[in-house]
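S.K.: Take a look and give me a structure for this.
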Amino acid sequence: MKRFVFIVTALTAFCAASFSVSFAETKVLKIGTGSENGVYSTVAAPLIRKNLKGSNLTLKIVPGGSKINLDRLKEKEIDLAIVQFDALIQSSADIATIGFLHDEYVHVVVSRDSKINEFTDLGKSHTVAAGPLDGGSRITWNNFVSLDKKYKKVPTSPLKNIRAITALESGEADAYFCVTGLRDKYLMKASEKKKFRLVEIDAWAFNNLKYKKRRVYEFFNIDDDVYPGLMPSMFTGSVKSIKLSAVVVCLGEWADAHEKEFEYLAAAISNALPMIKRKTEND
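M.R.: Coordinates of the predicted model:
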């Protein structure tokens, strides 16, 4: 009996020790995402984390935003970040790209009776709701301004989502500029009202921006089945827009020092990508 008790006790101690070692070996990486309820936090990061099974890595989601994430990376407050690809243009840090994710799209919405028909119609007499100063939409707006200085004269406001839509209704804003996935819930609600319409982006200067030899923006047609109520007319089949990628990044020095982890992450992103696209692009 004493021998049996000794064996059980020894096995219990061994299992406990093994669990402790296994737990201790699990490495938690902090990944900066977007808003707490946004796609980066609720879809992309969790799916990447799910595909890390079999490695000793896991992810802790830290909500933020593209600019905030890049600042946190630089200060080494986080290990990884999901950001808009065009946010890298404004970063002074040495950034390493781990993998590209889903596409996001530039939407420009105006009241249906507005005289703004193309993006190039925007001028100093118009106010554009372009989101908060540290938001992703504002990053894209600032990049557009850098590519064509005429838009520097266009006044902006920090409104976004439902507040930007109601500002269009009240006349507080003349246009709503946002970067988001297709079938964004706020734009879908605006589409149902049929009081607004999408504006075509016709400024070809935006096609010239590159980051490390890769083109940042790509022209893309938003078809009428995405936002039927936002088409300029019932005869419009699509509206020309611009798309850009979401991307997972880290500091270059982190990549150099964590080659094995970098490989695990790149593989997890690649494996997660089909499901991320299914959940975000909704074609």
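
S.K.: Could I get the buried residue list for whichever strand or helix holds Lys279?
M.R.: Using DSSP states H and E, Lys279 sits in helix 259-280. Buried positions in helix 259-280, judged by neighbour count with 16 or more other C-beta atoms under 10 Å: 261-262, 264-265, 268-269, 272-273, 276, 280. For the C-beta atoms, the positions are set from N, CA and C on the backbone; glycine is no exception.

S.K.: From the chain's centroid, how far away is it?
M.R.: From the chain centre to the centre of helix 259-280 is a distance of 15 Å (C-alpha atoms, centre = their mean, to the nearest Å).

S.K.: ok, now stretch 248-260?
M.R.: On the basis of C-alpha atoms, centre = their mean, stretch 248-260 sits 20 Å off its chain's mean C-alpha point.

S.K.: which residues sit against it?
M.R.: 31, 48, 73-74, 76, 79-83, 88, 93-101, 262, 265, 269 (C-beta atoms under 8 Å, 6 or more residues apart in numbering).

S.K.: tell me the average confidence for it?
M.R.: For stretch 248-260, mean pLDDT rounds to 97.

S.K.: about what we covered before: out of the contacts of stretch 248-260, which end up buried?
M.R.: For the contacts of stretch 248-260, buried by 16+ other C-beta under 10 Å: 31, 48, 73, 79-83, 88, 95, 97-99, 101, 262, 265, 269.

S.K.: Which ones among those map onto strands?
M.R.: With strands taken from DSSP state E, the overlap with these comprises 31, 80-83, 95, 97-99, 101.

S.K.: Who's the closest spatial neighbour of Tyr227, skipping the chain neighbours?
M.R.: By the measure of C-beta to C-beta, 6 or more residues apart in numbering, the closest residue to Tyr227 outside its immediate chain neighbours is Ser191, 4.2 Å from it.

S.K.: Quick one: distance of stretch 170-188 to the chain centre.
M.R.: So, by C-alpha atoms, centre = their mean, the centroid of stretch 170-188 is 16 Å from its chain's centroid.

S.K.: Just the buried residues of it, please?
M.R.: Buried residues in stretch 170-188 (16+ other C-beta under 10 Å): 173-182, 184, 186-187.

S.K.: Which of those sits closest to Gly237?
M.R.: Within the buried residues of stretch 170-188, distances to Gly237 taken as C-beta to C-beta reach their minimum at Leu182, with 15.8 Å.

S.K.: Could you check the pLDDT of the closest one?
M.R.: Taking Leu182 on its own, its pLDDT is 88.

S.K.: Wait, a strand at it?
M.R.: No - going by DSSP: H, G, I helix; E, B strand; the rest coil, the assignment for Leu182 is coil, not a strand.

S.K.: And what about the closest residue to it other than its chain neighbours, helix, strand or coil?
M.R.: Counting by C-beta to C-beta, 6+ apart, Leu182 lies nearest to Val226, which is 5.4 Å off, once chain neighbours are set aside. Following three-state DSSP, Val226 is assigned to coil.

S.K.: so what's the backbone phi/psi at Val226?
M.R.: Main-chain torsions, Val226, degrees, to the nearest 10: phi -80, psi -50.

S.K.: my guess is it meets Thr180, correct?
M.R.: No - between Val226 and Thr180 there is no contact under C-beta atoms under 8 Å: 11.9 Å.

S.K.: just to revisit the earlier point, give the single residue among the buried residues of helix 259-280 positioned nearest to Lys243.
M.R.: Thr280 (11.9 Å).
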